[in-house]
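Participant: I'd like to go over a predicted model; first the sequence, then the structure.
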Amino acid sequence: MDFILLLLLLLASVGTFAQIEVIPYVPQVTDQEFKGKITASTFALAPPNCIFNSLVNTTDEIWLVVTFANATSSFKNPTDPQEIPLYENLRSTLAYMTMKSTVSQYPCDKAKSGSVLRVGNESTCKSDGGLTPCNGLLPSPGPYRVKFLAMDSKGTKAETRWSGPITLKKAQTWQAVDTWPGRRSGDMIVITVILSVLCGVVTLGFLSTVCYECFKLWRNSPPETVEQRHQDPFQTSHYDTHHIPPTPPVRPPAPVDITTSS
């Protein structure tokens with residue numbers, strides 16, 4: 001009896017695993033050439049266009065699973081939406097699911113093949129109990145591995161294979177920045193020398209102009225006389241307030257002859 005029960009459980013589990021379709025698609029970093037494809041906290045994935053179209057319904061959810069490279073074996077596909085690991089618990093669960101979407105967002109239209117999925121695109125995460133799946137910054141260089149999976153109301157329905165390890169760039173500390181001028185490029189050295197010479201020429205021209213103008217003012221000023229040099233600066237000038245002509249002298253009266261009159 002126990003053997004029959006064990007066999008039934010084994011068959012049920014095999015049937016359950018058989019329901020999960022494994023798609024032979026390996027997620028990878030986009031092959032487009034642009035700056036910032038891989039940074040210290042993000043990386044850009046090629047979207048899984050036209051991968052789930054024949055396997056899922058329009059109402060099914062497509063998720064991106066992000067794990068540390070050494071934690072893929074311990075990750076279990078959720079059988080219920082309540083089991084979806086959150087970004088906020090990455091340190092303890094070593095995995096999280098993000099970028100919830102539908103099959104309509106990954107169409108087979110080749111015109112939209114230029115788009116990318118930026119993992120770690122959100123600098124802050126809303127604290128809403130996991131209602132909004134966060135796509136927060138990745139906390140370390142990793143390496144990380146990712147896969148896509150599709151879920152319906154009963155759990156995981158289809159999934160892709162795991163990607164290869166993706167290692168982020170390491171941020172360089174300011175102490176490690178090389179400031180030795182001998183390791184600068186030749187173009188930078190030439191530009192620095194030219195700018196220095198131009199600054200020196202402009203400064204020299206400005207000083208020459210100032211000296212020339214001062215010399216012109218000194219040369220065109222009237223010469224100072226000896227009297228002006230020895231003049232008492234505190235001596236006041238003498239001047240008349242009113243111009244009055246001098247009075248002519250009055251002629252004396254004529255003398256009187258006493259003899260003639262008697």
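Facilitator: Sure thing, it's come through. Numbers count the residues shown, from 1 in each chain.

Participant: quick check on Gln82: phi, psi?
Facilitator: Main-chain dihedrals, Gln82, degrees, to the nearest 10: phi -70, psi -20.

Participant: wait, what's in contact with it?
Facilitator: By Cβ atoms under 8 Å, 6 or more residues apart in numbering, no residues touch Gln82. Yep, even glycine has a C-beta here, placed from its N, CA and C like the rest.

Participant: any idea how far it lies from Met151?
Facilitator: 12 Å (Cβ to Cβ, to the nearest Å).

Participant: show me how the record splits the protein into domains.
Facilitator: In terms of domains, the chain is parsed into 18-170, 184-216 (source: automatic domain parsing).

Participant: next, format those domains as CSV and append mean pLDDT.
Facilitator: CSV is the format used below for these (pLDDT from 0 to 100):
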stretch, mean pLDDT
domain 18-170, 89
domain 184-216, 84
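
Participant: okay if I get those as TSV plus distance to Arg251?
Facilitator: As requested, those are exported to TSV (distance: least, Cβ to Cβ, whole Å):
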stretch	distance to Arg251
domain 18-170	118
domain 184-216	65
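
Participant: buried deepest among the ones you listed, which one?
Facilitator: domain 18-170 (a mean of 16; mean count of other Cβ atoms under 10 Å).

Participant: show me the contacts for the residue lying closest to Ala44 once chain neighbours are set aside.
Facilitator: Leaving aside its sequence neighbours, Ala44 sits nearest to Val116 (Cβ to Cβ, 6 or more residues apart in numbering; 4.2 Å). Shown in contact with Val116 (Cβ under 8 Å, 6+ apart): 30, 32, 44-47.

Participant: so what's Gly114 up against?
Facilitator: Gln32.

Participant: Glu33 versus that one, what's the distance?
Facilitator: 12 Å.

Participant: same check, this time on Lys76
Facilitator: Relative to Glu33, and taking Cβ to Cβ, Lys76 is found at 37 Å.

Participant: show the backbone phi and psi for the nearest residue to Ser123 once chain neighbours are set aside.
Facilitator: The spatial neighbour of Ser123 that comes closest, neighbours along the chain excluded (Cβ to Cβ, 6+ apart), is Leu137 at 6.3 Å. Backbone torsions of Leu137, given as degrees, to the nearest 10, read phi -60, psi 140.
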